[in-house]
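>>> The following comprises the amino acid sequence and a computationally predicted model.
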Amino acid sequence: MDVALVERVAQLPRGAWDPSLSWLTRAATHSKLWIGVAGVLALKKGNPRRAAAHGLLAVALASAGVNLLGKRLLPRARPHPESLPLHRFLHPQPTSSSLPSGHSASAAAFATGVGLVSPALGVALAPVAAAVAYSRVHTGAHWPSDVVLGSACGVGAALATRSWWTRAEPTPPHTTTPAPAPALPAGEGLTVLVNPASGPGSSDPSDEIREWLPGASIHVLREDEDASEVSRSLATSPGVRALGVWGGDGTVGAVAGACAAEGLPLAVLAGGTFNHFARDVDSLDAARVAEAVMSGHAIRCDLGRVELQRGSPDSPEESDLVMLNTASVGLYPNLVRRRDHIMRDLPWLPKRGAGALAALRTFALSSPTTVTIDGTRRRIWTLFVGRGRYWPRDLAPLERPVVDDGALDLRGVSARPRLARLRLLTALATGTVERSPVAREWTARSVTLESSGEPLVLAVDGEVMTGVARVELRVEPGALTVYSPQVAKG
């Protein structure tokens, strides 16, 4: 059958398709064609970029399977030069086994892999993949059955990867719950605590705050003052109807605790390095926050509480903290630092990809921690605790679309199962961490952590605390009212 089909191809008249198919088959060598197409698709975020990544993943698997395994197990001579016209015959002819066709496998793998993510793009690429497969017969590089088997291998490789790098769960829309708050014309009745040490610039923004809110009082925090104590004092001062804060998440947390205790609304003027909380309540633009203060636009927000003990059980040192964003035990802070570094160095890389690369390096080089979680002793690499559910649902979450869902978002990575590190690294490489037996994700209103042997190292909103013997983290639903332009946007 192969010989008969090749004879039919040899009888085709000479035409413009001969140089075109010759160029196409050379362009597909070493998957150059598919890498180029993937590069074009990657320029557009969303489905095209994910489709390109999935297509290349399928190509890698198909190429490895065909070239490292298929051609070794199925040695076969390629068509003879006299089988086709000399002007059409590929020169130089490949010397590897003819069966199966690697070009066909890669073409089918890429088109199918792209189609699994974006059917429309897969349909558009199918004729190109078919032309590459046929070009191998037209130029005498393969027998027709080589192409058929190679194409089947490519489709099989793409289908095998359909559960790898699955389509990310879409982030829910940002929603808020309006909360009553007094309108403060010109900022009358608002006292703003300014931490000049916050942020990369370490400057005093008092003049800018007076431009935005000329009626507000301003207290600049001195080096010998504690932000929590000053906030409590300001919250109980006569005539104060709301507190504002200019600073990072640590300073914002101190003022938020005082506001929650006294039932006062909070105005956040982002002045830190990262300002995670300010971003989630849409307070990165201080001028728009000032407008929300003057018009009384506010939203409801949950508050996290952290009660921890340090030292020995006989003489514990207890303290209470406010958690606005996240807490963690284990390797999570290192993972986040590596992810942010990768995102700065490779801005074209998707956030999910940067998180996966950071996680691969972090978990490959680190050691696990032993901790008792709600009474159960566990050996873990990391435990992430978010005040509210974060997205994406992987090991390096980035955003929190709802700030009053009343939940703690917990994500743990266990080091106990057999071959746990290898299984975790495999899951990270294939994007299947969410389904891996070493990872667990759940929500709760509270969680208790206790050290098992060595004291814990706990990070809360970026602040690292050592020597922790026991800690309870809980969420207080709707405990905080925050001025926010989000309400004005509807």
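Nice, thanks for sending it over.

>>> For the rest of this, base every contact and every neighbour count on C-alpha atoms.
Fine.

>>> for the stretch 351-490 of the chain, what spans make up the helices?
Ranges of helices within the stretch 351-490 of the chain are 351-365, 420-430, 486-489, based on DSSP state H, counting those that start in this stretch.

>>> Of those, which is nearest residue 57?
helix 420-430 (9.3 Å; C-alpha to C-alpha).

>>> Would you mind pulling the contact partners of the closest one?
164, 165, 356, 359, 360, 363, 364, 414, 415, 433, 436, 438 (C-alpha atoms under 8 Å, 6 or more residues apart in numbering).

>>> pLDDT weak spots in the stretch 101-250 of the chain?
Low-confidence segments of the stretch 101-250 of the chain, defined by pLDDT under 70: 163-169, 199-203.

>>> how about the helices in it?
102-117, 119-138, 144-160, 206-212, 227-235, 249-262.

>>> packing partners for the longest strand seen in the chain?
The single longest strand within the chain, with elements called by DSSP state E, is strand 463-483. Judged by 3 or more C-alpha pairs under 8 Å, 6 or more residues apart in numbering; DSSP states H and E, the packing partners of strand 463-483 are helix 249-262, strand 266-270, helix 286-295, strand 298-310, strand 446-451, strand 456-460.

>>> Identify the bridge partners of the closest residue to residue 444 other than its chain neighbours.
Of all residues not flanking residue 444 in the chain, residue 408 sits nearest, at 5.2 Å (C-alpha to C-alpha, 6 or more residues apart in numbering). For residue 408, the beta-bridge partners are residue 387, residue 444 (DSSP bridges).

>>> Could you check the pLDDT of residue 408?
Looking at residue 408, its pLDDT reads 97.

>>> next one: residue 355
At residue 355, pLDDT is 75.

>>> okay, now it: neighbour count?
By other C-alpha atoms under 10 Å, the residues close to residue 355 number 24.

>>> pLDDT score for the closest residue to residue 113 other than its chain neighbours?
Among residues not flanking residue 113 along the chain, residue 55 sits closest, at 4.2 Å (C-alpha to C-alpha, 6+ apart). Residue 55 is assigned 92 on the pLDDT scale.

>>> again with the one 5 residues further on
The score at residue 60 is 92. That number is its pLDDT.

>>> Spit out the contact partners of it.
Here residue 60 is in contact with residue 106 (C-alpha under 8 Å, 6+ apart).

>>> distance of it from residue 151?
Residue 60 sits 14 Å away from residue 151, going by C-alpha to C-alpha, to the nearest Å.

>>> do the same with residue 120
From residue 120 to residue 151 the distance is 20 Å (C-alpha to C-alpha).

>>> if you count what's nearby, which of the two comes out ahead?
Each of residue 120 and residue 151 has its neighbours counted (other C-alpha under 10 Å); residue 151 has more, 26 against 11.

>>> Am I right that that one is in contact with residue 99?
No: in this structure, residue 151 is not within contact of residue 99 by C-alpha atoms under 8 Å, at 11.3 Å.

>>> Pull out the buried residues from stretch 375-390.
379, 380, 381, 382, 383, 384, 385, 386, 387, 388, 389, 390 (16 or more other C-alpha atoms under 10 Å).

>>> In strands only, show me the residues you listed.
379, 380, 381, 382, 383, 384, 385, 386, 387.

>>> List the residues that contact the fifth one.
So that's residue 383. 328, 329, 330, 332, 410, 411, 412, 413.

>>> In this structure residue 287 contacts residue 212, no?
Yes: counting by C-alpha under 8 Å, residue 212 is a contact partner of residue 287 at 6.1 Å.

>>> now the helices of the stretch 101-250 of the chain as TSV including distance to residue 85?
As requested, those are exported to TSV (distance: least, C-alpha to C-alpha, whole Å):
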stretch	distance to residue 85
helix 102-117	22
helix 119-138	10
helix 144-160	17
helix 206-212	80
helix 227-235	85
helix 249-262	74
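
>>> did I read that right, residue 328 in a strand?
Yes: secondary structure of residue 328 (DSSP: H, G, I helix; E, B strand; the rest coil): part of a strand.

>>> That one and residue 384, how far apart?
5 Å.

>>> what does residue 161 give?
The value you get for residue 161 to residue 384, if C-alpha to C-alpha is used, is 28 Å.

>>> Quick check on the contacts of helix 420-430: which are buried?
Buried members of the contacts of helix 420-430, counted by 16+ other C-alpha under 10 Å: 164, 165, 356, 359, 360, 363, 414, 415, 433, 436, 438.

>>> Going by distance to residue 130, which of the buried residues of stretch 375-390 wins?
Nearest to residue 130 among those: residue 390, at 42.8 Å, using C-alpha to C-alpha.

>>> Just the pLDDT for that closest one.
94.

>>> For residue 36, see how far away the residue nearest to it when sequence neighbours are not counted is.
Spatial nearest neighbour of residue 390, excluding adjacent residues (C-alpha to C-alpha, 6+ apart): residue 400 at 4.6 Å. Look at residue 400 and residue 36: by C-alpha to C-alpha, they are 35 Å apart.

>>> Could you check the angle the longest strand of the chain makes with helix 249-262?
Interaxial angle of strand 463-483 relative to helix 249-262 (axes from the mean of the first three to the mean of the last three C-alpha atoms, to 10 degrees): 50 degrees.

>>> from memory residue 318 sits against residue 306, does it?
No: applying C-alpha under 8 Å as the test, residue 318 and residue 306 come out as separate, 10.5 Å apart.

>>> and these two? which has more neighbours close in?
Neighbour count, other C-alpha under 10 Å: between residue 318 and residue 306, residue 306 has more, with 19 against 13.

>>> wait, that one sits on residue 324?
No: between residue 306 and residue 324 there is no contact under C-alpha under 8 Å: 10.3 Å.

>>> where does residue 22 land in three-state SS?
Relying on three-state DSSP, one would call residue 22 helix.

>>> Tell me, how many residues neighbour the residue nearest to residue 151 when sequence neighbours are not counted?
Nearest non-adjacent residue to residue 151, counting by C-alpha to C-alpha, 6+ apart: residue 105, 4.6 Å away. Counted by other C-alpha under 10 Å, the residues lying close to residue 105 total 33.

>>> which residues touch residue 105?
Counting by C-alpha under 8 Å, 6+ apart, residue 105 has contacts 59, 62, 63, 66, 147, 150, 151, 152, 153, 154, 155.

>>> As JSON lines, those with distance to residue 13 would be great.
What follows is the contacts of residue 105, written out as JSON lines (distance: C-alpha to C-alpha, whole Å):
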{"residue": "59", "distance to residue 13": "33"}
{"residue": "62", "distance to residue 13": "34"}
{"residue": "63", "distance to residue 13": "33"}
{"residue": "66", "distance to residue 13": "32"}
{"residue": "147", "distance to residue 13": "22"}
{"residue": "150", "distance to residue 13": "27"}
{"residue": "151", "distance to residue 13": "26"}
{"residue": "152", "distance to residue 13": "29"}
{"residue": "153", "distance to residue 13": "31"}
{"residue": "154", "distance to residue 13": "31"}
{"residue": "155", "distance to residue 13": "32"}
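
>>> closest to residue 337 among those?
residue 59 (31.8 Å).

>>> so after the helix or strand containing the closest one, what's the next helix or strand?
Secondary structure assignment for residue 59, by DSSP states H and E: helix 47-65. Helices and strands here follow DSSP H and E; after helix 47-65, the next one along the chain is helix 71-73.
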